[in-house]
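>>> Below are the sequence and a predicted model for it; my questions follow.
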Amino acid sequence: MSAIKNVGEKIMSIRQSKGIAVEELAERCGFAGAMMIKIEENEAIPSLGHLIKVARALGVRLGTFLDDMDQLGPVVTRKGDLVKGSSFSSKSSSAHLNLNFFPLASDKSGRHMEPFIVEIDPTTSAEFSQSSHEGEEFIYVLSGNIEIRYGKEVYALSEGDSIYYDSVVDHQVYAAGELPAKILAVVYASF
């Protein structure tokens, strides 16, 4: 089973173990009840901002939804071991279909950072849905060219460039031009 499907199941399991009704969790998060049900049934992929709200409402850390094992020591991910994992969309479940996430530390329990390799496919859409959430992000461009829409500004980055920003500001990452790009992204959400 993929990590994407595990997220909804883990939310449901934690919610049920705490005796919280799905409607109550949705209300705590500021979501419609139908949206919470879609997330738990893996019909909608939650945004990172939504996951942070769910984690807070359930009293767990963000990494709880992405953990596969309880590794207390260091976690090493070898070059050929990348497995596609959770994909975070913004406000809609189709907004980030051009982003493929490969988690680098899903086996590490108790972590506060979420490191990913992200493959970014070019898109023909001129519309980009921005998202915002608590925390900070660090991005290092491994290959290709990307643009980051951050508030009203656009930052162009090429291979070897990096950016560090506060995630509370509306932002969107996308490939610049017609070629794919690959980045190392580290998301930190403190709570």
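Ah, there it is.
>>> Walk me through the domains of the chain.
3-65, 79-188 (automatic domain parsing).
>>> Turn those into a markdown table, columns for mean pLDDT and mean neighbour count.
Every residue, glycine included, has its C-beta placed from N, CA and C. As requested, the domains of the chain are exported to a markdown table (pLDDT from 0 to 100; neighbours: other C-beta atoms under 10 Å):
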| stretch | mean pLDDT | mean neighbour count |
| --- | --- | --- |
| domain 3-65 | 84 | 18 |
| domain 79-188 | 81 | 16 |
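>>> ok, the closest residue to Ala181 other than its chain neighbours - contacts?
Distance criterion C-beta to C-beta, 6 or more residues apart in numbering; nearest residue to Ala181, sequence neighbours excluded, is Gly144 at 2.9 Å. Listed by C-beta atoms under 8 Å, 6 or more residues apart in numbering, the contact set of Gly144 reads 120, 158-159, 175-176, 179-182.
>>> Please repeat the previous calculation with a cut-off of 10 Å.
119-120, 122, 157-159, 175-177, 179-183 (C-beta atoms under 10 Å, 6 or more residues apart in numbering).
>>> Tell me what the closest residue to Glu136 other than its chain neighbours is bridged to.
Among residues not flanking Glu136 along the chain, Tyr188 sits closest, at 4.8 Å (C-beta to C-beta, 6+ apart). Beta bridges link Tyr188 to Met113, Glu136, judged by DSSP bridges.
>>> gap between Tyr188 and His133?
Plainly put, Tyr188 is 11 Å away from His133 if you go by C-beta to C-beta, to the nearest Å.
>>> Over to Glu40?
20 Å.
>>> And Lys152, by the same measure?
19 Å.
>>> repeat for Met12
Counting by C-beta to C-beta, the gap from Met12 to His133 is 21 Å.
>>> Likewise for Met35?
Look at Met35 and His133: by C-beta to C-beta, they are 16 Å apart.
>>> and what of Ala26?
18 Å.
>>> Just checking, which helix or strand succeeds the lengthiest helix in the chain along the chain?
Determined from DSSP state H, the single longest helix within the chain is helix 3-17. Once the chain leaves helix 3-17, the next helix or strand it forms, by DSSP states H and E, is helix 22-29.
>>> Surely Ile146 forms part of a helix?
No: the assignment for Ile146, made by DSSP: H, G, I helix; E, B strand; the rest coil, is strand rather than a helix.
>>> Quick one: residues contacting it.
Contacts of Ile146 (C-beta under 10 Å, 6+ apart): 118, 120, 139, 155-159, 161, 163, 173-177, 180-183.
>>> what do you get if the cut-off is 7 Å, keeping everything else the same?
120, 157, 173-176, 181, 183 (C-beta atoms under 7 Å, 6 or more residues apart in numbering).
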